[in-house]
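*Asks:* return atomic coordinates for the entry below.
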Amino acid sequence: MYKNLAAALRAACVAALATASFFSPVFSQTPSRPPAKPQEPLKVAFVYVAPITDAGWVHQHEVARQAIEVAFAGKVKTSYVENVPEGPDAERVIRDLARQGNKLIFTPSFGYMEPTLKVAKEFPNVKFESITGYKTAPNVAVANARYYEGRYLAGIAAGRMTKTHIAGYVAGFPIPEVLQGINAFTLGMRSVDPKAQVKVVWLNTWFDPARERDAAMTLFNQDVDVIAFHTASTAVMAAAQERGKMAVAYHSDMRKVAPDAQIIAVTHHWADYYARRVQAVLDGKWKTGNFWGGVKDAMVRAGDFGPKVPKAVQEEVLARQKDIALGKLRPFTGPISDNEGKQVLAAGQSMTDEQILGMNYLVAGVQGKIAN
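*Replies:* Just a heads-up that it's a prediction; the model follows:
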């Protein structure tokens, strides 16, 4: 009897389990999976060497950051720290951003190069973009623009517009990028006005509006009637507007600040490059490298002419810009001599990128010396 009862109980249990496994997901042969967690946005950070203003170097990078936010909505979360001096402060800020979980960090200033490399060694899983730097590492890429192409075009405009044949140039630091700009501007100006001279004032700073203004005023007192600059604020443009002189805007269109003074602007455009680098990280395809784009890459553009510039001058500049984009015009083509009379490039020759990147002299037509 007990044997029959035990057999009956076993049969009942098997039947119950069979029924449960058919109807109940608890006993399903394919267990249910928990819902997948939504992917966290890629954190991207930017470090700015000066405050964010309505125009200038930092403004152009901030425009690019905002474009990234729109283009990668939901996939990317960006942040920035502004007005960070080059040196120890930059290293501290870059390290803090890496610790906060940012996986891609843009450091757009030449003086950020060494701090970026140092922090990159500590965070091998973070990608860094050293903008205007030249040293790479497995997780550090560098990028820059051929600003000198736009400078040459601005020189053509300045050469056509000057009455005194004397231009001024307010310069930050004597690094190759700045020397390229001064030299290209001078060569462009002298291509249409062989008498042209360019007077340079060095500041050894990127952003100091008061000193930038003072330098411009000093140059205007020396027969300068058109001025260019390589600093980060709009102070030189405002000074030109105040004095009734002509000026070449840099980084951004600055007609809002100098509606009468601006004759042309050399503008920089970073959004496309930044978008490509962000996409590469999202795709897991980011690689280190060295990118140097220019007019043909739409990273540098001359335009935004002021009301004083005749249509013929505008058309000439735009035609030369098209020639640069097509490779028909190379600003650094010989003969070129430095301002001490030494030939640096023979007639008919064009400088290699290596020669341009290592530029350490001022060309004939520039009054001044390289600051120590």
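
*Asks:* pLDDT weak spots in the protein?
*Replies:* 1-38 (pLDDT under 70).

*Asks:* would you map out the domains in it?
*Replies:* 42-146+270-297, 147-267+299-367 (automatic domain parsing).

*Asks:* tally of neighbours for Leu329?
*Replies:* Number of residues near Leu329 (other CB atoms under 10 Å) recorded here: 19. (C-beta placed from N, C-alpha, C; glycine too.)

*Asks:* doesn't it fall inside a helix?
*Replies:* No: Leu329 is assigned coil when assessed by DSSP: H, G, I helix; E, B strand; the rest coil, not a helix.

*Asks:* give me the three-state assignment for the residue lying closest to it once chain neighbours are set aside.
*Replies:* In space, and not counting its chain neighbours, Leu329 is closest to Asp323: 3.8 Å by CB to CB, 6 or more residues apart in numbering. Secondary structure for Asp323, judged by three-state DSSP, is helix.

*Asks:* any idea how far Asp323 is from Val317?
*Replies:* Distance of Asp323 to Val317, computed by CB to CB, to the nearest Å: 11 Å.

*Asks:* comparing these two, which shows the higher neighbour count?
*Replies:* Val317 (24 against 14).

*Asks:* and that one, helix, strand or coil?
*Replies:* Quick answer, by three-state DSSP: Val317 is helix.

*Asks:* which ones are touching it?
*Replies:* By CB atoms under 8 Å, 6 or more residues apart in numbering, Val317 lies in contact with Leu153, Ile156, Ala157, Ile264, Ala302, Gly303, Phe305.

*Asks:* which strand residues bridge Val44?
*Replies:* Bridge pairing for Val44 (DSSP bridges) gives the partners Thr78, Leu104.

*Asks:* show me the contacts for it.
*Replies:* Contact partners of Val44, counting by CB under 8 Å, 6+ apart, are Ile68, Val76, Lys77, Thr78, Ser79, Asn102, Lys103, Leu104, Ile105, Phe106, Val278.

*Asks:* helices or strands up against whichever strand or helix holds Ser191?
*Replies:* Here Ser191 is covered by helix 176-192, with elements defined by DSSP states H and E. Here helix 176-192 touches helix 147-161, strand 166-171, strand 197-202, strand 226-230, helix 353-357, strand 366-367, going by 3 or more CB pairs under 8 Å, 6 or more residues apart in numbering; DSSP states H and E.
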